[in-house]
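J.: Take this sequence and fold it.
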Amino acid sequence: KAHALGLEVGHWVGMHLAYSAPILQEHPEWALTGFNTLSFSGGYPNFCVRGINFDTPVRQWIVNDLKAWKEEGGLDYIWLDSFANLGALAVDYSRDAQPNAIACAQFIADIQGIGIRDIAVEGMSPFVMSGAHIMDVDPAKHGGVQWIAGQNVWAWYDGNEDLLVDQQPRTCLLYTSRRG
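T.: Residues are numbered from 1 along each chain as shown. The predicted structure is shown next:
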């Protein structure tokens, strides 16, 4: 019905799942493990979200679901949440520090392979366009209209480069209070 009304249909896709997601209970080997043996959470507090290893069958599980959406409802675009910190830059220490970047690139190719060409990411990516106004780093400059705090701006990582590669028990709130 959306297409009949002239609307495009999009889908948010996380590079992570909820810590308690039933599919991760069934397949714990699909989750990333951080250097401290806890689940990898890309800078978010532990036990909130779990990064997923896209070099496991989870990638095909997601692609199959997206393909069904595409065939049944006409899925036009995908928006990948937390692409950098929970996806491409993640490392799985339970698999001899296996990087996730190549598998994430293949995930994007898989999405394109099912006919979805419009793909954007929150955060940064060498593969597709950012859909999060990444350059709006100064809320005063633009009246706060497009200000998005957190991982969407390089300043969030400045001095906290560890957030790019593995989890630490910090949040954006702690970071902003430290920066003033």
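
J.: CA atoms for contacts and neighbours, from now on please.
T.: Will do.

J.: did I read that right, Ala109 in a strand?
T.: No. If the criterion is DSSP: H, G, I helix; E, B strand; the rest coil, then Ala109 is helix and not within a strand.

J.: And it, what's its pLDDT?
T.: Listed pLDDT for Ala109 reads 94.

J.: what's the neighbour count on it?
T.: Around Ala109 there are 15 other residues, counting by other C-alpha atoms under 10 Å.

J.: helices or strands up against the host helix or strand of Arg59?
T.: Per DSSP states H and E, Arg59 falls inside helix 58-73. Helix 58-73 sits against helix 101-113, with contacts defined as 3 or more C-alpha pairs under 8 Å, 6 or more residues apart in numbering; DSSP states H and E.

J.: Flag every buried residue along whatever helix or strand comes next after the helix it packs on.
T.: The element immediately downstream of helix 101-113 (helix or strand, assigned by DSSP H and E) is strand 118-121. Judged by neighbour count using 16 or more other C-alpha atoms under 10 Å, the buried positions of strand 118-121 are 119-121.

J.: out of these, who's nearest Trp30?
T.: Distance to Trp30 across these (C-alpha to C-alpha) is lowest for Val121, with 21.5 Å.

J.: give me the beta-bridge partners of that closest one?
T.: As for beta bridges, Val121 partners with Leu80, Ser130 under DSSP bridges.

J.: quick one: it and Gly87 touch, right?
T.: No. Under the criterion of C-alpha atoms under 8 Å, Val121 is not in contact with Gly87, lying 10.7 Å apart.
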